[in-house]
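*Asks:* sequence and predicted structure below; questions after.
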Amino acid sequence: MVRAIQIDAVGGAEVLKLQEVDIGSPGPGEVRLRHTAIGVNYIDVYYRSGLYSAPLPLIPGMEAAGVIEAIGPDVGSLSVGDRVSYAGALGSYSEARIIKADRLIRLPKDLPDELAAAITLKGLTAQVLLRQVYKVKPGDTILIHAAAGGLGLVMTQWAKALGATVIGTVSSEDKAAIAREHGCDHPVIYTRENFVTRVREITDGKKLPVVFDSVGKDTFLGSLDCLQPHGLMVVSGASSGPVPAVEVSQLAQRGSLFLTRAVVFNYTATRADLETAAADLFAMVDSGKLRVSVGQRYELAQAQAAHRDLENRKTTGATILSL
């Protein structure tokens, strides 16, 4: 038996309960992984609240790092004792788990487990958004919402390394300072400034080729107004709630805009695509151009507090559950 956070019904943070569960032994193509650090992401809130559906009872969490304890049949590429991380497999809020071997990424020797748990999902997401969904190039001016959040800080640094000018929305002076420290050229405090107006001022009315929006409902329509004709609206999350229904005519009226709801797991579904994205991510970390920032740490039993702080925008950088 191992300790895990489990939910038996969707709802607020109070549904996250510490329980003992039996995880069994690895089957063909599987390993038993002992977690050393667990990443907390907003997608965990979506599953807990019911915005995203999954069978109950459910152990939430999509990201962690750990050490392989046992290997099932037909696992040829990994060994007991290997340090690995993963992103995209539900069930990480647990001391240990059974997981398919082809979802695991072997960690570089000099990357600590905690930093791996902080960067794998957000880093792969940034790679997909900035190198695949829209290939950021030198001279681009882009908008990243929630620029002081875990994903926002990773994207800001990566975009700067690619030669972009970054405009980023934040909620406070403190978060503006954090975003600026990580390369954000123009932090916009949306609680007192209109980000659409600021984008037009910063760009001298030219507006932007792309907007990366992980906030959703509260920023979506304004984000469309920040785009140049033929610009790309990239929705990657919904921390303020789901994006409302969109009339296609709104895209036409604003200059034949493009719209996508980008999901990292669709871009890393094959083993080859996962390895390519991970190699790109780890190369960025190794180069020193991408600093991993762990803003707050909680014990596994404090998962409720972690979710409340995340939802109340009290966090900056990555959030970790320690074991």
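*Replies:* Here it is on my side, so go on.
*Asks:* in what helix or strand does S249 lie?
*Replies:* Assigned by DSSP states H and E, S249 belongs to helix 248-253.
*Asks:* and what of Q228?
*Replies:* Element membership of Q228, judged by DSSP H and E, is strand 227-235.
*Asks:* also V166?
*Replies:* Using DSSP H and E, V166 sits within strand 165-170.
*Asks:* from the rest of the structure, what touches that strand?
*Replies:* Contact partners of strand 165-170, identified using C-beta atoms under 8 Å, 6 or more residues apart in numbering, comprise 140-148, 152, 156, 159-160, 176, 178-179, 183-190, 195, 198-199, 202, 208, 215, 219. Heads up, the C-betas are built off the backbone N, CA and C, glycines and all.
*Asks:* ok but A37 is inside a strand, no?
*Replies:* Yes: with DSSP: H, G, I helix; E, B strand; the rest coil as the criterion, A37 is part of a strand.
*Asks:* re the thing from before, mean confidence for the strand holding V166?
*Replies:* The average pLDDT within strand 165-170 is 98.
*Asks:* that strand pairs with which strands?
*Replies:* Using DSSP bridges, strand 165-170 pairs in its sheet with strand 141-144 (parallel), strand 186-189 (parallel).
*Asks:* ok, and which of those has the densest surroundings?
*Replies:* strand 141-144 (a mean of 26; mean count of other C-beta atoms under 10 Å).
*Asks:* and the strand holding Q228, which residues are buried?
*Replies:* Residues of strand 227-235 classed as buried by neighbour count (16 or more other C-beta atoms under 10 Å): 227, 231-235.
*Asks:* equivalent analysis for stretch 146-157, please.
*Replies:* Going by neighbour count (16+ other C-beta under 10 Å), the buried part of stretch 146-157 is 146-157.
*Asks:* just stretch 66-86 next, same as before
*Replies:* Neighbour-count burial for stretch 66-86 flags 66-68, 71-72, 75, 78, 82-86 (criterion: 16+ other C-beta under 10 Å).
*Asks:* tell me, how many residues neighbour G27?
*Replies:* By other C-beta atoms under 10 Å, the residues close to G27 number 12.
*Asks:* in this structure it contacts D74, no?
*Replies:* No: counting by C-beta atoms under 8 Å, G27 sits too far from D74 to count as a contact (9.1 Å).
*Asks:* for L321, give me phi and psi.
*Replies:* phi -100, psi 120 (degrees, to the nearest 10).
*Asks:* bridged to it, which residues?
*Replies:* With DSSP bridges as the criterion, L321 is bridged to I38, Y298.
*Asks:* surely it and I38 touch.
*Replies:* Yes: counting by C-beta under 8 Å, I38 is a contact partner of L321 at 4.0 Å.
*Asks:* compare the two (neighbour count), which wins?
*Replies:* I38 (29 against 24).
*Asks:* residues touching the residue lying closest to E311 once chain neighbours are set aside, list them.
*Replies:* With sequence-adjacent residues excluded and distances taken as C-beta to C-beta, 6 or more residues apart in numbering, E311 is closest to V45, at 6.1 Å. Applying C-beta under 8 Å, 6+ apart, one finds that V45 lies in contact with 51, 239, 307, 310-311.
*Asks:* which of these fall in helices?
*Replies:* Among the contacts of V45, the members found in helices (DSSP state H) are 307, 310-311.
*Asks:* nearest to E20, of those residues?
*Replies:* H307 (20.8 Å; C-beta to C-beta).
*Asks:* tally of neighbours for the closest one?
*Replies:* 25.
*Asks:* quick one: it and N194, what's the gap?
*Replies:* Between H307 and N194 the computed distance is 30 Å (C-beta to C-beta, to the nearest Å).
*Asks:* now A101
*Replies:* Distance of A101 to N194, computed by C-beta to C-beta: 49 Å.
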